[in-house]
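Enquirer: Okay, sequence plus prediction incoming.
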Amino acid sequence: MDHPKKQASNVIHLLTEGSPADQKETLETYFLPDASFIHPLCRVPSFSKFYLPLIGEINSRWAIWMIYRWYKILSPRIVLNVECDGQSSTPTARPLLMIAEFNQKSSILFVEIHQIFSLFFVPFYKSDVHLTTKLHLVHSSKDSKYYIKLQEDLYQSNEVVKFFWPGGATIIWFWQMFATFLCIVGALTLAPVTWMYQKRANTVNGTNKRI
């Protein structure tokens with residue numbers, strides 16, 4: 001990529017909405033051969049050469065392609081909307097994908113994504129899934145382009161379950177609220193422990209802070 005922030009939206013569209021050939025071409029164009037991939041439900045470690053019977057020599061980029069192919073099989077129609085620098089590339093009625101930030105010093109690109117995901121074997125099932133994708137880039141001195149060496153898909157737990165558990169996000173939400181209630185009860189019940197910690201901190205730091 002010459003301009004990661006401007007081109008990332010097109011790359012993501014091709015990987016999710018493109019044909020299998022588009023997915024393969026996009027990976028070969030923008031991902032390093034030994035690129036790695038991290039997702040809450042699967043992972044591809046970085047490797048360069050591995051011989052697989054009946055298939056031949058493969059690398060980690062090939063394994064990432066298989067993940068995107070399977071993703072396409074599970075949800076044949078994935079809907080995305082891309083907005084970059086305030087310009088929307090598709091109708092605003094679609095879910096929103098927004099380029100969040102590119103840190104040129106660390107070569108890390110953050111992308112916020114909203115997508116409509118539907119399982120082909122669950123009739124009428126559609127779910128609006130939100131995630132943040134973190135792309136670790138490498139700048140090549142040969143052609144002055146950026147290539148993806150690691151893709152991390154970051155999901156909240158209530159978003160992950162939408163892939164395989166219709167209605168599960170609601171149950172996760174109630175569990176999170178219950179866990180919050182337990183935290184409050186525990187913190188109030190064991191308040192003397194907190195006071196002890198604060199008293200010790202005051203002694204060490206020479207302060208007289210109260211909580």
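Expert: Noted; the coordinates are in hand.

Enquirer: From here on, just use CA atoms for contacts and neighbour counts.
Expert: Noted.

Enquirer: longest single strand anywhere in the chain?
Expert: Criterion DSSP state E: the longest strand present in the chain is strand 127-139.

Enquirer: Average pLDDT for it, rounded please.
Expert: For strand 127-139, the mean per-residue pLDDT is 89.

Enquirer: Ok, stretch 11-22 next?
Expert: pLDDT averaged over stretch 11-22 gives 89.

Enquirer: what's in contact with it?
Expert: 23, 26-27, 30, 68-69, 72, 77-80 (C-alpha atoms under 8 Å, 6 or more residues apart in numbering).

Enquirer: picking up where we left off before, quick one: whichever helix or strand comes after the longest strand of the chain to chain centroid distance?
Expert: Once strand 127-139 ends, the next helix or strand along the chain (criterion: DSSP states H and E) is strand 146-154. Distance of strand 146-154 from its chain centroid, counting by C-alpha atoms, centre = their mean, to the nearest Å, is 9 Å.

Enquirer: Could you do stretch 50-60 as well?
Expert: Distance, centroid of stretch 50-60 to centroid of chain: 27 Å (C-alpha atoms, centre = their mean).

Enquirer: can you pull up the bridge partners for the residue nearest the centre of the chain?
Expert: Centroid-nearest residue in the chain, with C-alpha atoms, centre = their mean: Asp153, separated by 1.9 Å. Counting by DSSP bridges, Asp153 forms beta bridges with Thr133.

Enquirer: Pretty sure it sits against Lys134.
Expert: Yes: between Asp153 and Lys134 there is a contact under C-alpha atoms under 8 Å: 6.4 Å.
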